[in-house]
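> sequence? don't have it. structure:
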Ligand SMILES: Cc1cc2nc3c(=O)[nH]c(=O)nc-3n(C[C@H](O)[C@H](O)[C@H](O)COP(=O)(O)O)c2cc1C
Ligand SMILES: C=C(O[C@@H]1CC(C(=O)O)=C[C@@H](OP(=O)(O)O)[C@H]1O)C(=O)O
């Protein structure tokens, strides 16, 4: 069951990084959603490897094929299967670590859990699997278009290089103009140079992606367990290499007094309920309040580095591990569409759940 997500809009992904293909089955998508293939392909292109010299150099076209669930350009209401062939596996890069555990990758834990491990490219633990989520997330975005919801993520920090502006002070339409996916050109250039410098040293670096969701009406979410922010947190923490999730005022909010932190209500010119501030991050009691939903996702530095590190092998013997081949020195630029996709999947599910709230 670990490969499935969602209660009504459900997805299951399949495939390994060096197997024949990866893919996704979407179940529960309503009939009649415009299946815009060009849009879905574009989302996959934003995530695919080999985009610039600061990403892995594996060359995948990531062109997806639809096997079922679409007729005359629209979803039919039946399961939708999308497949993405693997085209550029280079499994020999992993031969030397077939029985070794890379520090901080999933090699050791997979071996313990399953008693076997497809060591080629990390198998199922590879972030290659996230392409399948991006395809499903793109469909979720198309569903959410009906509700005029927008989901926009961008790189706000790489290592210690941090954007000092809030999302509303930035022109987020510029995010995809550069290889880093940071909407501030000057900062993007600094981040690019920094990642490139680290790449040349065979090392890696982490960072933060900020995401903002606009247009979610008040009333989506659940009051207990499946709180909207809890589901968003689960979705984000389920992305490879994610180490932190923070929404609304987050950890910094604890320094404020209640009188500073409370979001006071008023009726806006549009006749709707609004809050003067939005430290709640658009969610109160696990349910959306109609304001922007925003959160941050922290990614660790990539585990596979081109430097010697101490580890052990399956026999428990000491070994020196050094990565080979093609790896992301920093996952952030390619993780932007993944964060958006996972947020879209959560919201698509809640948009359908909201329809069962009341008569
Ligand atoms: C977009 C993206 C690309 C990644 N690329 C690599 C990579 O090239 N090499 C690597 O070792 N890890 C990479 N990772 C991270 C690993 O997949 C991840 O660290 C591994 O599955 C272990 O899981 P954990 O870090 O969540 O514990 C990437 C993650 C993402 C989100
Ligand atoms: C293939 C992708 O990224 C891969 C993610 C990844 C990892 O360990 O997560 C390791 C590398 O795999 P390989 O050695 O097979 O090239 C990356 O290239 C992709 O995102 O499509």
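Looks like it came in fine. Model, not experiment: these values are computed from the prediction. Ligands and ions are numbered 1, 2, ... in the order given.

> so is residue 39 in a helix, a strand, or just coil?
Per DSSP: H, G, I helix; E, B strand; the rest coil, the secondary structure class of residue 39 is helix.

> Actually, residue 189.
Assigned by three-state DSSP, the conformation of residue 189 is helix.

> Leaving out chain neighbours, which residue sits closest to it?
residue 178 (7.5 Å; Cβ to Cβ, 6 or more residues apart in numbering). C-beta coordinates here come from the backbone N, C-alpha and C atoms, glycine included.

> Could you check how many residues crowd around residue 71?
Neighbours of residue 71 under the rule other Cβ atoms under 10 Å: 12.

> any idea how far ligand 2 is from it?
Note on residue 71: its distance to ligand 2, by Cβ to the nearest ligand atom, to the nearest Å, is 30 Å.

> What's the separation between that residue and residue 297?
Note on residue 71: its distance to residue 297, by Cβ to Cβ, to the nearest Å, is 36 Å.

> Get me the contact residues on the stretch 101-250 of the chain for ligand 2.
Proximity of the stretch 101-250 of the chain to ligand 2 is confined to 121, 122, 126, 127, 128, 131, 240 under the rule Cβ under 6 Å from any ligand atom.

> most neighbours, which of those?
Taking other Cβ under 10 Å as the neighbour criterion, residue 131 ranks highest of those with 29 neighbours.

> check whether stretch 94-108 contacts ligand 1.
Yes - using Cβ under 6 Å from any ligand atom, stretch 94-108 reaches ligand 1 at 105, 106.

> Tell me where the stretch 151-300 of the chain is predicted with low confidence.
Low-confidence segments of the stretch 151-300 of the chain, defined by pLDDT under 70, are absent.

> quick one: the strands in it?
Counting by DSSP state E, counting those that start in this stretch, the stretch 151-300 of the chain has strands at residues 161-162, 207-214, 242-247, 265-267, 273-275, 283-284, 287-288, 293-299.

> The last one - contacts with which helices or strands?
What it means is strand 293-299. Applying 3 or more Cβ pairs under 8 Å, 6 or more residues apart in numbering; DSSP states H and E, one finds that strand 293-299 makes contact with strand 207-214, helix 228-237, strand 242-247, helix 332-354.

> Highest mean neighbour count out of the ones you listed?
Among the helices and strands packed on strand 293-299, the stretch with the highest mean neighbour count (mean count of other Cβ atoms under 10 Å) is helix 332-354, at a mean of 26.

> any bit of that one sitting next to ligand 2?
No - in this structure, helix 332-354 remains apart from ligand 2 according to Cβ under 6 Å from any ligand atom; the gap is never smaller than 6.5 Å.

> ok, back up a step: biggest separation within the residues of the stretch 101-250 of the chain next to ligand 2, which pair?
Greatest spatial distance in those: 122 and 131, 13.8 Å, computed using Cβ to Cβ.

> Need the nearest residue in space to residue 96, chain neighbours excluded.
Of all residues beyond its chain neighbours, the one nearest residue 96 is residue 324 (6.7 Å), with distances taken as Cβ to Cβ, 6+ apart.
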